[in-house]
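*Asks:* just need the structure, nothing else, for what follows:
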Amino acid sequence: MHPSKMVLPPIVCGVDGSEQSRRAVHEAVRLARALEARLHLVMAWLPSTSMYDAYFPAPERAPKVVAFEILEDVVRAEFGDTLPEWVSLHAEPGHAGKVLVDASRTAELLVVGSRGLSELASPFLGSVSLYCATQADCPVLVVRPGKTAGESKEKGR
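*Replies:* Numbering: from 1, shown residues only. Sure thing, here's the model as predicted:
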């Protein structure tokens, strides 16, 4: 992809390190390539409320550092060791839904994973994906567990 061809606003994808968010990243990458759009991978964290953390902070385990480690792990699984120039990583403090909705204000599309299915096979979305689907300023793609668009619906095909 050539950066000068990227005229669309970016695609934003929420990441939390779960299998569902990894599937969402894979779909977001596929769409960004097809649309020749930039991709912003966004992870949010809630600041610690522990008094211990206030008095004895461990800088190497700070929430932002941990968030970037998770982002880098997801990116490495998707791209290997070289991050494409059209992909950027963002780690922001706050509730994940609010951080992603804020990012949706300048996005072409917001991609999020759904909550994983429980033993009861719940059909409902998780709270973050539901919040994004109802509050985002752009279209939202909720990637459900299971096969992604590029995978065959039947085994052996």
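*Asks:* beyond the lowest-mean-pLDDT helix or strand in the chain, next helix or strand please.
*Replies:* Least confident helix or strand of the chain, by mean pLDDT, DSSP states H and E, is helix 51-55 with a mean of 60. Once the chain leaves helix 51-55, the next helix or strand it forms, by DSSP states H and E, is helix 63-79.
*Asks:* what helices and strands are in contact with the helix or strand hosting D102?
*Replies:* For D102, the host element (DSSP H and E) is helix 96-104. Counting by 3 or more C-beta pairs under 8 Å, 6 or more residues apart in numbering; DSSP states H and E, the packing neighbours recorded for helix 96-104 are strand 11-14, strand 39-45, strand 87-93, strand 109-113, helix 127-135. (Each C-beta comes from the backbone N, C-alpha and C, glycine too.)
*Asks:* can you put the ones you listed in CSV and add mean pLDDT?
*Replies:* Converted to CSV, the helices and strands packed on helix 96-104 look like this (pLDDT from 0 to 100):
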stretch, mean pLDDT
strand 11-14, 97
strand 39-45, 94
strand 87-93, 94
strand 109-113, 96
helix 127-135, 91
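*Asks:* and of these, who's closest to V143?
*Replies:* When the helices and strands packed on helix 96-104 are compared by C-beta to C-beta, strand 109-113 sits nearest V143, at 5.2 Å.
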